[in-house]
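1. Just need the structure, nothing else, for what follows:
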Amino acid sequence: SHTREGRTDESGRVLLQDLPEDDVLCRVRAPGMQEATAVVPYPRVDDQRKLEVTLTKGVVLTGQVLSPDDGPQGPFVVRATRRDGRSSAEVRVDADGSFRFPNLGETATDLSVRRGRVVGGSGEVLTRIENVVPGVESHVDILLPALVSLKGAVYDVDPAGPALGVVVEARRYDPEQERYAWQVVRRVGLPADDDVVSFEVAGLPVGRYTLRAVQGQIDSDAVAIQAEPESDREVELILPAGARVAGTVLDAEHGPVLGADVRLTRLHGEDSVPVFEAASLRSTTDERGNFVFDRIAPGLWRLEASDVEQTPASHDIRVREGEVLVLDEVVLAEGGALEGTLEDAEGRPLDGVLVQVERYDRDGARLTTRSHHDGLFRLRHLRAGLYRVWVDALTIAGGPRVEAVAQVRAGETALVDFRAVEEGTI
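-> Numbers count the residues shown, from 1 in each chain. The predicted structure is shown next:
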């Protein structure tokens, strides 16, 4: 949300001012050179952040996009994405199908082709070539596949229910996870005007896909299909009956909690299960502490309940098709607190230093906070257990990350203090 730009002078220096009080991602570009990125932590002791970047000369990669008579027609854009996820670039394809990247890095790169005229825009990917190494390969021909259609019908639709649609997913390489994962490549809305609704998804490149029907929070099993020209196979997608999840939220004294926030989040399996957008539903308890969720899809869900001044409760539940699942007691326990101080080598409090906290069993999200002007940080309503607490020592003493261990007990406050003894030591 905060962007600053500048140009280097004849000595290669640049000064960027009025940066946000947070870690900053710096991206450096120069003609004929590979793009460089680096993260600069906040804050430095002298309130100035300094970065030295060495640019490496890029290599040229040319290519040709070839389309069959029954294939997609341009204009096209080609995207080059490093497999380590550090950078990407796009260029427009000329009228004769040629394209040219002037300064790519000599590392494994994926090339993808999409329809479009605008570099940096969006559009459906028509084909991909993976593990191209610029410098080793100087020219690449990309043959676009013929386009096909997938047809079928959705069964057990609720005509009085929410919007209906079909989601098409394909396996794509995810640089952040460094593995292949299922990603949504097409969505088609359908009229929910009958209990059986036909559909057709046109203009898909030849390849392997999974399809599923979605109506509100209900989704069908994924059906795998190989899309081929002149295939007459029709896909049947059956929506399951929705389930009901109900329960009661109690406080530490087993009294009902009014107005507690209850969240139900869809969980997913590993790579063998296509990744569908995580559904997260919310409800609020009544004066008896009761909550209800209707039309819940079968599968694994995480139920989380929270309220002010109490430690949240979390339960993983398996919901079966059409069942009524009642959780008699969701108890919010009394929590503990974690606090401490951060000081420099002179004993002066450090303001704005990022502190990160995580349970050793990793049962829950990582928590973050920043120290105040008096150097104090505090986290409340923590579940009892053993926690690791760490700070980036670069912001205190110019050294590596420093980690401490704290035992949090219900109703008590655990103390952790960080102090820079000397340069590079905490």
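2. can you map out the strands along the stretch 201-350 of the chain?
-> 207-215, 218-219, 223-227, 234-238, 243-250, 261-266, 280-284, 290-296, 299-306, 313-319, 324-331, 336-343 (DSSP state E, counting those that start in this stretch).
3. Residue 125: which of those is closest?
-> Closest approach to residue 125 among the strands of the stretch 201-350 of the chain is made by strand 207-215 (10.6 Å; CB to CB). Placement of C-beta: from N, CA and C, glycine included.
4. Which strands or helices does the closest one pack on?
-> Packing partners of strand 207-215 (3 or more CB pairs under 8 Å, 6 or more residues apart in numbering; DSSP states H and E): strand 147-155, strand 164-174, strand 223-227, strand 234-238.
5. Show me what it pairs with in its sheet, parallel or antiparallel.
-> Counting by DSSP bridges, the strands paired with strand 207-215 are strand 164-174 (antiparallel), strand 218-219 (antiparallel), strand 223-227 (antiparallel).
6. Deepest-packed of those, please.
-> Highest mean neighbour count among the strands paired with strand 207-215 (mean count of other CB atoms under 10 Å): strand 218-219, with a mean of 23.
7. what separates that one from the chain centre, distance-wise?
-> 22 Å (CA atoms, centre = their mean, to the nearest Å).
8. pLDDT of that strand, averaged?
-> Regarding strand 218-219, the rounded mean pLDDT is 88.
9. quick one: residue 94 from residue 114, how far?
-> To residue 114, residue 94 is 16 Å away according to CB to CB, to the nearest Å.
10. And for residue 371?
-> According to CB to CB, residue 371 and residue 114 sit 45 Å apart.
11. For the two, indicate the residue with more neighbours.
-> Neighbours were counted for residue 371 and for residue 114 using other CB atoms under 10 Å; residue 371 has more, 23 against 18.
12. thought that one was touching residue 343?
-> No - counting by CB atoms under 8 Å, residue 371 sits too far from residue 343 to count as a contact (9.6 Å).
13. Pull the contacting residues for residue 240.
-> By CB atoms under 8 Å, 6 or more residues apart in numbering, the residues touching residue 240 are 156, 218, 220, 297-298, 321-322.
14. ok, now with 10 Å
-> 156, 218-221, 297-299, 320-322 (CB atoms under 10 Å, 6 or more residues apart in numbering).
15. circling back to that earlier point, between the strands paired with strand 207-215, which one is nearest to residue 100?
-> Closest to residue 100 of these, according to CB to CB: strand 164-174, at 23.7 Å.
16. Quick one: mean pLDDT for the host helix or strand of residue 37?
-> Using DSSP states H and E, the element containing residue 37 is strand 36-40. Strand 36-40 carries an average pLDDT of 76.
17. go on, stretch 417-426?
-> Rounded mean pLDDT across stretch 417-426 is 62.
18. what does stretch 76-83 give?
-> For stretch 76-83, mean pLDDT is 90.
19. what does stretch 204-212 give?
-> Averaging pLDDT along stretch 204-212 gives 89.
20. just to revisit the earlier point, compare the contacts of residue 240 and tell me which is most surrounded.
-> Within the contacts of residue 240, most neighbours by other CB under 10 Å means residue 218, with 24 neighbours.
21. Report the spatially closest residue to it, excluding sequence-adjacent ones.
-> residue 297 (4.8 Å; CB to CB, 6 or more residues apart in numbering).
22. likewise residue 378?
-> Per CB to CB, 6+ apart, closest to residue 378 is residue 339, 4.1 Å.
23. about what we covered before: could you work out which of the helices and strands packed on strand 207-215 reaches nearest to residue 249?
-> strand 164-174 (33.0 Å).
24. quick one: common contacting residues for residue 371 and residue 343?
-> Counting by CB under 10 Å, 6+ apart, the residues touching both residue 371 and residue 343 are 349-350, 418.
25. thinking again about what came up before, now do the contacts for the residue nearest to residue 218.
-> By CB under 10 Å, 6+ apart, the residues touching residue 297 are 214-220, 239-243, 266, 276, 279, 319, 321.
26. go on, residue 264?
-> Residues near residue 264 by CB under 10 Å, 6+ apart: 217, 245, 279-283, 291, 293, 296, 301-304, 317, 319.
27. swap in residue 337?
-> Residue 337 makes contact with 378-382, 408-409, 411-415 under the criterion CB under 10 Å, 6+ apart.
28. Each with direction, which strands does the lowest-mean-pLDDT helix or strand in the chain pair with?
-> Here the helix or strand of the chain ranked lowest by mean pLDDT, DSSP states H and E is strand 36-40, holding a mean of 76. Partner strands and pairing direction for strand 36-40 (DSSP bridges) are strand 24-28 (antiparallel).
29. Next, work out how far apart residue 4 and residue 342 are.
-> As judged by CB to CB, residue 4 and residue 342 stand 27 Å apart.
30. Those two: which is more packed in?
-> Neighbour tally, residue 4 and residue 342, criterion other CB under 10 Å: the higher count belongs to residue 342, 27 against 11.
31. Nearest spatial neighbour of the more buried one, chain-adjacent residues omitted?
-> Leaving out its chain neighbours, the residue that sits closest to residue 342 by CB to CB, 6+ apart is residue 350, at 4.3 Å.
32. burial measure for the one you found, as a count.
-> Neighbours of residue 350 under the rule other CB under 10 Å: 24.
33. right, and it touches residue 373 too?
-> Yes - with contact defined as CB atoms under 10 Å, residue 350 reaches residue 373; the gap is 9.5 Å.
34. Contacts only, for the residue of the chain most remote from its centre.
-> Farthest-out residue of the chain from its mean C-alpha position, per CA atoms, centre = their mean: residue 346, at 40.7 Å. For residue 346, the contact set (CB under 10 Å, 6+ apart) comprises 419-420.
35. Next: the one 10 residues further on.
-> For residue 356, the contacting residues are 366-369, 388-392, 401, 403, by CB under 10 Å, 6+ apart.
36. that older thread, between the strands paired with strand 207-215, which one is nearest to residue 250?
-> Distance to residue 250, taken as CB to CB, is lowest for strand 218-219 among the strands paired with strand 207-215, at 29.9 Å.
37. List the contacts of that closest one.
-> Here strand 218-219 has contacts from 156-158, 161-162, 164-165, 167, 212-213, 237, 239-243, 266, 276-277, 279, 295-299, 321, using CB under 10 Å, 6+ apart.
38. before we move on, back to that, please tell me how far the residue nearest to residue 218 sits from residue 243.
-> Note on residue 297: its distance to residue 243, by CB to CB, is 8 Å.
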